[in-house]
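Chemist: Return atomic coordinates for the entry below.
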Amino acid sequence: MADAGPYSTQMSTESSTWLSHYTLRISRQLRSPQVRVDSVISESGFCNATLRCSVEGADHVTYQWTPMGPRAVVSQEGSVLSDAWSLHDLDRTYTCMAENPVSSYSSTPLPVGQLCTKQKLMQVSEPIKDSNVCWLRGAVEMLCSSKAEAKRKSAGSIPQLTCNAVSQPSSTPVVVNGALGKSVTLPLEFPTGGKAEDIIAITVLYSGRSIAFINPREAGSLHVMDPKWKTRLNFIHPDSVQLNNLTLADAGPYSAQMSTENSTWLSRYTLRIFRQLRRPQVRVDSVISENGSCIATLRCSVEDADHVTYQWTPMGPRAVVSQEGSVLSDAWSLHDLDRIYTCMAQNPVSSYSSTPLPVGQLCTGSKAAEATYCPVTWIFLGKGLLLLVFLGVLGTWHIQTRMLSMKRDK
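Modeler: Here you go, the predicted structure:
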């Protein structure tokens, strides 16, 4: 695992140098995934269950469930499945397949009949009342029009649920980036031909769990069901949901389920939370003066930040960057010492530039010339010292001679 990280190969010709960058990721081969039943609720002739698939000691894992029914909703990168079944569906068998970049493995098949028996479903004998919303637990909320009703075919029979089927969402959620402590907006996505004014109900979900219900046709009809969102979730009429005062724990999968009188569809989002960057610091890793040139390695870093990319300006013909751009190696001659370097750090929500660094602070003219002109410099210094010593001796002898002469004259 310690071998993972950034690698690069530097290739040089007589006139140029270039660099190829690689990122090596090491992944463990997967074991058989385990399927856990989070919840099972039998009501209204339906069995609603939430299943969770996981692989011990593994990372970079994606999950896929088979089969996927019309009422199925997956969340948390596919690891959690919420679905609802009637008596006719109890012969289904579910399998979770886990994959990472180097292996894949399927779970032991799980029959729906083990979760929901016919006896459990037959116990529900109360009629379904007229309602704008009929809840299918485990993150499947089907919104019915006020005209919808469920009728019994006969006494003791299974109620018939007349809800709209949920349209299958896009396979790729919309990625939304938010800054820690700030606000972010989740734009509602409408299918072709859909209009905001046709929506009669909106349900906001986090990790497959309902956190808010909105009736856009009634002012102030926002009902927040999760206490932690009580003062932080707003509906911006007519087509967006706003999340405020974001924390790192708010990151994850969100979805918005929208219903008209005839259809229901789902918009999915992945919310990522980042800290706003502080000013990057530039550190001098090494400075070498030789052959009339100054060669230095500079390192740029931002404290307590992730997903950061770096960019140096200016970039000379001999400059080489590595470690995602945070390290710059360059060489300068005596004519380049007036250059000023700046490192700009960026993440998805902010950017910040370092304090400008003059090359002259790293390599002075004497340092850059040291290796080539060092012998000549020492010769001049030696001659100068010898001349000073000679003049001092000569002056002393001259003074002593004059003093002796004066004594004789007296």
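Chemist: pLDDT below threshold where in the protein?
Modeler: Residues of the chain that meet the criterion pLDDT under 70 lie in 42-46, 69-71, 76, 87-88, 117-171, 192-194, 220, 364-380, 407, 409-410.
Chemist: can you list the domains in it?
Modeler: Domain assignment for the chain by automatic domain parsing gives 167-274, 277-368.
Chemist: helices or strands next to whichever strand or helix holds residue 37 in the packing?
Modeler: Assigned by DSSP states H and E, residue 37 falls within strand 34-43. Applying 3 or more CB pairs under 8 Å, 6 or more residues apart in numbering; DSSP states H and E, one finds that strand 34-43 makes contact with strand 46-54. From N, CA and C alone the C-beta is placed, and that goes for glycine too.
Chemist: buried set for the strand it packs on?
Modeler: Buried residues in strand 46-54, counted by 16 or more other CB atoms under 10 Å: 46-54.
Chemist: Likewise for stretch 295-309?
Modeler: If you call a residue buried by 16+ other CB under 10 Å, then stretch 295-309 has these buried ones: 295-302, 305, 308.
Chemist: Need those in JSON lines (columns: distance to residue 317).
Modeler: Converted to JSON lines, these look like this (distance: CB to CB, whole Å):
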{"residue": "295", "distance to residue 317": "14"}
{"residue": "296", "distance to residue 317": "16"}
{"residue": "297", "distance to residue 317": "17"}
{"residue": "298", "distance to residue 317": "17"}
{"residue": "299", "distance to residue 317": "21"}
{"residue": "300", "distance to residue 317": "20"}
{"residue": "301", "distance to residue 317": "26"}
{"residue": "302", "distance to residue 317": "28"}
{"residue": "305", "distance to residue 317": "31"}
{"residue": "308", "distance to residue 317": "26"}
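Chemist: can you name the two of those that are farthest apart?
Modeler: Spanning the widest gap among these are 295 and 305, at 28.7 Å by CB to CB.
Chemist: so what's residue 17 up against?
Modeler: By CB atoms under 8 Å, 6 or more residues apart in numbering, the contact list for residue 17 reads 10-11, 318, 320.
Chemist: make it 7 Å
Modeler: Taking CB atoms under 7 Å, 6 or more residues apart in numbering, we find residue 17 in contact with 10, 318, 320.
Chemist: Quick check: the second one vs residue 19, distance?
Modeler: Right, residue 318. 12 Å (CB to CB, to the nearest Å).
Chemist: How many neighbouring residues does residue 408 have?
Modeler: Residue 408 has 6 neighbours, counted by other CB atoms under 10 Å.
Chemist: That one falls within a helix, correct?
Modeler: Yes: going by DSSP: H, G, I helix; E, B strand; the rest coil, the assignment for residue 408 places it inside a helix.
Chemist: measure it to residue 398 for me?
Modeler: In terms of CB to CB, residue 408 sits 16 Å off from residue 398.
Chemist: Might one say that residue 37 is in contact with residue 47?
Modeler: No: using CB atoms under 7 Å, residue 37 makes no contact with residue 47, being 11.4 Å away.
Chemist: Direction included, what does the strand holding residue 37 pair up with?
Modeler: Here strand 34-43 is paired, per DSSP bridges, with strand 46-54 (antiparallel).
Chemist: ok now the strand it pairs with, how far from the chain's centre?
Modeler: Taking CA atoms, centre = their mean, to the nearest Å, one finds strand 46-54 lying 28 Å from the centre of the chain it belongs to.
Chemist: Burial check on the nearest residue to residue 54 once chain neighbours are set aside, number of neighbours?
Modeler: Using CB to CB, 6 or more residues apart in numbering and skipping residues adjacent in sequence, the residue nearest residue 54 is residue 34, 5.8 Å away. As a burial measure, residue 34 scores 14 neighbours (other CB under 10 Å).
Chemist: which of the buried residues of strand 46-54 sit farthest apart?
Modeler: Based on CB to CB, the longest span within these runs between 46 and 54 and measures 25.9 Å.
Chemist: and residue 252, what does it touch?
Modeler: Counting by CB under 7 Å, 6+ apart, residue 252 touches 206-207, 271.
Chemist: Any idea what it is bridged to?
Modeler: Going by DSSP bridges, residue 252 forms beta bridges with residue 271.
Chemist: Give me the distance between it and residue 63.
Modeler: 15 Å.
Chemist: Which stretches in the stretch 201-350 of the chain count as strands?
Modeler: Taking DSSP state E, counting those that start in this stretch as the criterion, the stretch 201-350 of the chain carries its strands at 201-206, 209-214, 222-224, 233-236, 240-243, 252-259, 264-274, 281-290, 293-301, 309-313, 320-322, 327-333, 340-347, 350-353.
Chemist: How about residues contacting the longest one?
Modeler: By that I understand strand 264-274. Everything outside strand 264-274 that qualifies as a contact, by CB under 7 Å, 6+ apart, is 142-143, 164, 166-167, 169-170, 173-180, 184, 186, 188-189, 191, 246, 248, 250-258, 307, 347-349.
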